[in-house]
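[1] Sequence and computational prediction follow.
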Amino acid sequence: MRLNSVARHPLAVCRVATLCFCILHSALFSAETAGPPTNTPPLKKLSLEELSQIEVTTPSKEPEKAFRTPAAIYVITGEDIRRSGATSIPEALRMAPGVEVARIDSDKWSIGIRGFGSRLTRDVLVLIDGRTVYSTLLAGTYWEVQDTMLEDVDRIEVIRGPGGTIWGPNAVNGVINIITKRSRETHGVLASVGGGNVDQGFANVRYGGGDDRLSYRLYGKTFTRGPQFHSDNRNFDDWRAVQGGFRADWNRTQNESFVFMGDVYTTRAGERVNASTYNPPANYIIDANARLSGGNFLVRWDRNLSDRQSVEIQAYFDRTNRAEPNFADFRDTFDVDYTHHLKWLGRQSLTWGLGSRVSPGNNVQVVSGLTFNPAQRTDQLLTAFVQDEVALVEDRLSLTIGSKFLHTNFTDFAPEPSARLLWTASQSTSFWAAATHAVRTPSDAEHDFNLSSLVTILPSGMPYFARFSANKNFQPEQMNGYELGFRQLLGKNVYVDIAGFYNHFHNLFSEDIIGTPFVENDPAPTHLLLPAQFGNGVIGNTKGFELAPEWRPTSFWRLRGSYSYLHMNLRKGPNSLDIGTVPITEGSSPHHQVYLDSAFTFATRFEFDAVYRYVSNLPAQNVHAYSTADANFAWQLTRQFELSLVGRNLLQPFHAEYAGDPGGLVGIKRSGYIRLTFRQ
């Protein structure tokens, strides 16, 4: 089960890159070398004051300055990603405070924000250019298929804390919005090729053209990544992928614009899964490739009706094919959203919108112990939201209130209200506070999922199974969140961002024993069965803070870092039948995280970036606290060519970050790669 494509071997990747260089050679020297003029300087040249004024859209779906945002937002710029040497979106997310990124193996990560880290990031809503990639099947995001050319990423906006008022369900602990560059900013040719011991080979090619009115870009990428360290030498987690896509931006008039974009991909991601069978009664481990493929197409229309109001309509289609060794999911998603921005009464900015999503899915049974009933279902989501920002004191004090209202095939009407207060004490100091209610809606896994597992063979020879049955009464998880924040620019060289939070949860996911064991004859053979189901039996709270300073002692040296503290206090609720979810959930997120980044630029041609990371222990995952470091050296050989040497996890041969299921801990290797990039 291997990908029979150009991504099969590192040498093939290099051949693809060479071929692409040859095909595009005539275009390299005839294409326009510069995009349309712009008044915005490159991010790498911005001062701290200018960086704090970067416009972000995730908090309100309307551009606003990051410094004046009443939310804990952190922006990872495309320049930050380039200098970090990251080769995947999860690795880039390590830069954001309060975000827990733990690599499980070569192609899987556990990611959380302010706790609840898990393989599928169930409490965080993830978007790419406004397209939701959160899956309602198992409640979360499959990170191994969320990919694009990192050189095309303009910024990643990370909100720590609830964002459901604007974005809807499942934005409980945060929102991650990956925003790519407009096509007019990517004219010309970009190509890169490289490889190393884990990132064994990769090639990326992009071409963009057009003018101020109509611009476009096309891209293609492929990679092959080797397995991490396995003490049993079962190197199941090799990973290969091919992906391509396009984007076109059309400014039909000065007040009207369209965006068209899409991607297609195919991936083979090695994984280890556990499967159970009734006849013969057994549990066994499968090492095989997950065959993953899909594509998406998005169109967005923006129209300025006047200098006081604008409308936006976005629609997309997403096709997902997942054929894993123990289950399969084939799903189509159709989504449309309408947003209206209105400035009225001088000091008010009103945003409201409507949305609808339909997602029919088909879950083919692969092993006997894991089924969805019914196998074919259609998930539905209807939403409406309204948010009003009122300037109580012009340029000083503002209040933002609003709510999302949603209905799904799993839930009745559910509101998500919020209130946010921003005090801009001066041009360099701001304070904010927020109170928000957010929900995570049930998924197909909680409502329609049946999982059986062999516990043991009794002395009598009778098999003993445990079965988690579907729970049609599973309720939405609920969170009430309270936040405080402070930002200050000290002179021109120091910036400080502090955010604190207290969240109260109820109706959290639990694994409940719902009866005593009994003998069951069907399916054969006769066996003893322990009945269980997924429930809402956990309550509790989380609290903590994040500190993110940045200091630029000279024009060529930048120092920045973050410290994140998290305390989780969960417990069984009244009449709960939970059998152990609390210690697993609490012990799967670190109490302490430290991130330090030093970036040097020498004579404009040489760059050196060094990162130190510390993560405290995860007792539920049997993962010890660890420290490690990354480094990136980049040399601008000529105006067109750049050579990079990147080292990852340099302080030890390997270390564990999160436990896989099943099997023992996978060691994340010390790794390195070399990359050559051409820009024209």
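    Cool, the structure landed. Residues are numbered from 1 along each chain as shown.

[2] okay, CA-based contacts and neighbour counts for the rest of this
    Fine.

[3] Can you show me the helices along this structure?
    Assigned helices in the chain, in chain order: 10-23, 25-28, 48-52, 78-84, 89-92, 164-167, 444-448, 581-586 (criterion: DSSP state H).

[4] and the ones you listed, which one is worst for confidence?
    The stretch with the lowest mean pLDDT among these is helix 25-28, at a mean of 35.

[5] is the spatially closest residue to V390 that is not a sequence neighbour in a bridge, and if so with what?
    Distances taken as C-alpha to C-alpha, 6 or more residues apart in numbering put Q348 closest to V390, at 4.6 Å, once the chain neighbours are dropped. Per DSSP bridges, residues listed as beta-bridge partners of Q348: W344, V390.

[6] Looks like Q348 contacts Q387 (just checking).
    No. With contact defined as C-alpha atoms under 8 Å, Q348 does not reach Q387; the gap is 10.3 Å.

[7] And the two? Which one has more around it.
    Remark: of Q348 and Q387, Q387 carries more neighbours, 22 against 17, as counted by other C-alpha atoms under 10 Å.

[8] Pull up the gap between the nearest residue to that one once chain neighbours are set aside and G174, please.
    Nearest non-adjacent residue to Q387, counting by C-alpha to C-alpha, 6+ apart: G402, 4.0 Å away. To G174, G402 is 17 Å away according to C-alpha to C-alpha, to the nearest Å.

[9] can you check E477 too?
    15 Å.

[10] neighbour-wise, which of the two wins?
    G174 (25 against 21).

[11] okay, now the closest residue to F501 other than its chain neighbours: neighbour count?
    Closest residue to F501 apart from its sequence neighbours, by C-alpha to C-alpha, 6+ apart: E483 at 4.4 Å. Other residues lying near E483 total 24 when counted by other C-alpha under 10 Å.

[12] Equivalent analysis for the one 4 residues further on, please.
    The local packing count at R487 equals 22, with neighbours defined by other C-alpha under 10 Å.

[13] you'd agree it is up against T429?
    Yes. Contact criterion C-alpha under 8 Å: R487 and T429 qualify, at 5.7 Å.

[14] List the buried residues of the top strand by length along the chain.
    Counting residues, the longest strand in the chain under DSSP state E turns out to be strand 527-554. Residues of strand 527-554 classed as buried: 527-552 (neighbour count, 16 or more other C-alpha atoms under 10 Å).

[15] what are the pairing partners of it, and which direction each?
    Strand 527-554 is paired, per DSSP bridges, with strand 463-469 (parallel), strand 494-513 (antiparallel), strand 518-520 (antiparallel), strand 557-572 (antiparallel).

[16] Make TSV out of these and add mean neighbour count.
    Shown next, in TSV, are those (neighbours: other C-alpha atoms under 10 Å):
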stretch	mean neighbour count
strand 463-469	21
strand 494-513	20
strand 518-520	13
strand 557-572	19
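
[17] Can you lay out these as a markdown table showing distance to K61?
    Formatted as a markdown table, the strands paired with strand 527-554 follow (distance: least, C-alpha to C-alpha, whole Å):
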| stretch | distance to K61 |
| --- | --- |
| strand 463-469 | 40 |
| strand 494-513 | 22 |
| strand 518-520 | 54 |
| strand 557-572 | 27 |
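
[18] Compare those and report which one is nearest to V99.
    Nearest to V99, of all the strands paired with strand 527-554, is strand 557-572, at 8.5 Å by C-alpha to C-alpha.

[19] Could you give the separation of that closest one from the chain centroid?
    Centroid displacement of strand 557-572 relative to its chain, using C-alpha atoms, centre = their mean, to the nearest Å, is 18 Å.

[20] who touches that strand?
    With contact meaning C-alpha atoms under 8 Å, 6 or more residues apart in numbering, strand 557-572 is reached by 97-98, 114-115, 537-553, 578, 582, 586, 590-601.

[21] go with 7 Å
    Strand 557-572 is contacted by residues 97-98, 114, 537-552, 578, 582, 586, 591-601 when judged by C-alpha atoms under 7 Å, 6 or more residues apart in numbering.

[22] ok, now stretch 586-599?
    Residues contacting stretch 586-599 (C-alpha under 7 Å, 6+ apart): 115-117, 557-568, 608-621.

[23] now stretch 361-378
    So stretch 361-378 is contacted by 275-277, 326-332, 358-360, 448-453 (C-alpha under 7 Å, 6+ apart).

[24] Filter those down to just the buried residues.
    Buried, going by 16+ other C-alpha under 10 Å: 275-277, 326-332, 358-359, 448-453, out of those.

[25] what's the weakest-modelled helix or strand in this structure?
    helix 25-28 (a mean of 35; mean pLDDT, DSSP states H and E).

[26] one step back: can you say which of the strands paired with strand 527-554 is nearest to T121?
    strand 494-513 (13.5 Å).

[27] Please compute how far that closest one lies from its chain's middle.
    17 Å.

[28] Just the C-alpha atoms of that strand, please, in CSV.
    The C-alpha trace of strand 494-513 is given here as CSV (Å, rounded to 0.1, in the frame of the first residue of the first chain):
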residue,chain,number,x,y,z
VAL,A,494,9.7,46.4,23.1
TYR,A,495,6.2,45.0,22.8
VAL,A,496,4.3,43.1,25.5
ASP,A,497,1.1,41.1,25.2
ILE,A,498,-0.5,39.5,28.2
ALA,A,499,-3.8,37.5,28.4
GLY,A,500,-5.5,35.7,31.3
PHE,A,501,-8.5,33.4,31.3
TYR,A,502,-11.0,31.4,33.4
ASN,A,503,-13.3,28.9,31.7
HIS,A,504,-16.1,26.9,33.2
PHE,A,505,-17.2,23.7,31.4
HIS,A,506,-20.2,21.4,31.7
ASN,A,507,-21.5,18.5,29.6
LEU,A,508,-18.0,17.5,28.6
PHE,A,509,-17.4,14.2,26.8
SER,A,510,-17.1,11.2,29.1
GLU,A,511,-16.9,7.4,28.6
ASP,A,512,-19.7,5.8,30.7
ILE,A,513,-20.3,2.3,32.0
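
[29] still on that earlier bit, correct me if wrong: the residue nearest to F501 contacts A434.
    Yes. Judged on C-alpha atoms under 7 Å, E483 makes contact with A434 at a distance of 5.1 Å.

[30] Setting aside sequence neighbours, what's the nearest residue to F405?
    P415 (4.5 Å).
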